[in-house]
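S.K.: Predicted model and sequence follow; I will ask about them next.
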Amino acid sequence: MSQLITPTQREIFFDPDSFIVSKTDLKGRLTYTNRIFCEIAGYTEKELVGQPHSMIRHPDMPRAVFKILWDAIQDGREVFAYVKNMARNGDHYWVFAHVTPSYDSQLKVCGYHSNRRVPKRDVVEKVIAPFYAELTRIEASFRNAKEGLAASHGHLMQTATANKASYDEFVFSL
């Protein structure tokens, strides 16, 4: 289902009482999506299941945020993050994501579970969107993507932990 989607710069919103829910396998391929996920993203469940969760990744999202997310969940920890996703038609929507590892009966991580809700609007507009734009500019300023990610991640961690807080404490302080 690989197709190039052009961002429209139009934002879509979902009900503050709704949760977008998805589950993935260890490689990030969708194994479950709820009705709200399908409606907001503009895909059917059949189109989504088996696809990489990154299919809804908006190009404005800095890779450094996903590095923090993957580092946490692969280490067996939960993580919270603001994320800008892209719908099938190129529109975007912001979420406040809570991602956790899922465990099998042997207590081994067997996948990941994500609940996403409507984020705080003022935080997105005043803090997150400008900060993410700065991080993506840092990433793009390097010819080598690996070096760009390292620089962006370093800046993100330096900003998040400036007050001796963890990344999660930073996110919740906003």
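M.R.: That came through fine. Numbers count the residues shown, from 1 in each chain.
S.K.: what comes up buried for stretch 14-25?
M.R.: When burial is assessed from 16 or more other Cβ atoms under 10 Å, stretch 14-25 yields the following buried residues: 14, 18-20, 22-24. In this view, the C-beta of every residue, glycine as well, is placed from N, C-alpha and C.
S.K.: so where's the chain uncertain?
M.R.: 1-3 (pLDDT under 70).
S.K.: any idea how far the residue most central in space within the chain is from residue 24?
M.R.: The chain has residue 83 as the residue nearest its centroid, 4.1 Å off, counting by Cα atoms, centre = their mean. Using Cβ to Cβ, to the nearest Å, residue 83 is found at 14 Å from residue 24.
S.K.: and what of residue 90?
M.R.: Separation of residue 90 from residue 24 (Cβ to Cβ): 23 Å.
S.K.: show me where this structure has helices.
M.R.: 35-41, 45-48, 63-74, 121-123, 129-140, 145-160, 167-173 (DSSP state H).
S.K.: what angle sits between the fifth one and helix 63-74?
M.R.: Relative orientation of helix 129-140 and helix 63-74, computed by axes from the mean of the first three to the mean of the last three Cα atoms, to 10 degrees: 100 degrees.
S.K.: who touches helix 129-140?
M.R.: 60-65, 82, 84, 145, 148-149, 151-152, 155-156, 159 (Cβ atoms under 8 Å, 6 or more residues apart in numbering).
S.K.: Residues in contact with stretch 151-170: which ones?
M.R.: For stretch 151-170, contacts defined as Cβ under 8 Å, 6+ apart pick out 62-65, 67-68, 72, 79-80, 131, 134-136, 138-139, 141-142, 171, 173.
S.K.: Kindly give a single ChimeraX line that selects the buried subset of the residues you listed.
M.R.: The ChimeraX selection below is limited to those of the contacts of stretch 151-170 classed as buried (16+ other Cβ under 10 Å):
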select :62,64,65,67,68,72,79,131,135,136,138,139,171
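S.K.: which helices and strands does the strand ranked longest in the chain pack with?
M.R.: Using DSSP state E to define each element, the chain has its longest strand at strand 92-103. Where contact means 3 or more Cβ pairs under 8 Å, 6 or more residues apart in numbering; DSSP states H and E, strand 92-103 is packed against helix 63-74, strand 79-86, strand 109-117.
S.K.: got the CA coordinates for it in PDB?
M.R.: Extracted C-alpha coordinates of strand 92-103, given in PDB (Å, rounded to 0.1, in the frame of the first residue of the first chain):
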ATOM      1  CA  HIS A  92      -3.200  16.000   9.400                       C
ATOM      2  CA  TYR A  93      -4.300  15.500  13.000                       C
ATOM      3  CA  TRP A  94      -2.500  15.900  16.300                       C
ATOM      4  CA  VAL A  95      -2.600  13.300  19.100                       C
ATOM      5  CA  PHE A  96      -1.300  12.800  22.600                       C
ATOM      6  CA  ALA A  97      -0.100   9.200  22.400                       C
ATOM      7  CA  HIS A  98       0.500   6.700  25.200                       C
ATOM      8  CA  VAL A  99       2.400   3.700  23.800                       C
ATOM      9  CA  THR A 100       3.200   0.600  25.900                       C
ATOM     10  CA  PRO A 101       4.700  -2.800  25.200                       C
ATOM     11  CA  SER A 102       2.300  -5.800  25.100                       C
ATOM     12  CA  TYR A 103       3.400  -9.000  26.800                       C
END
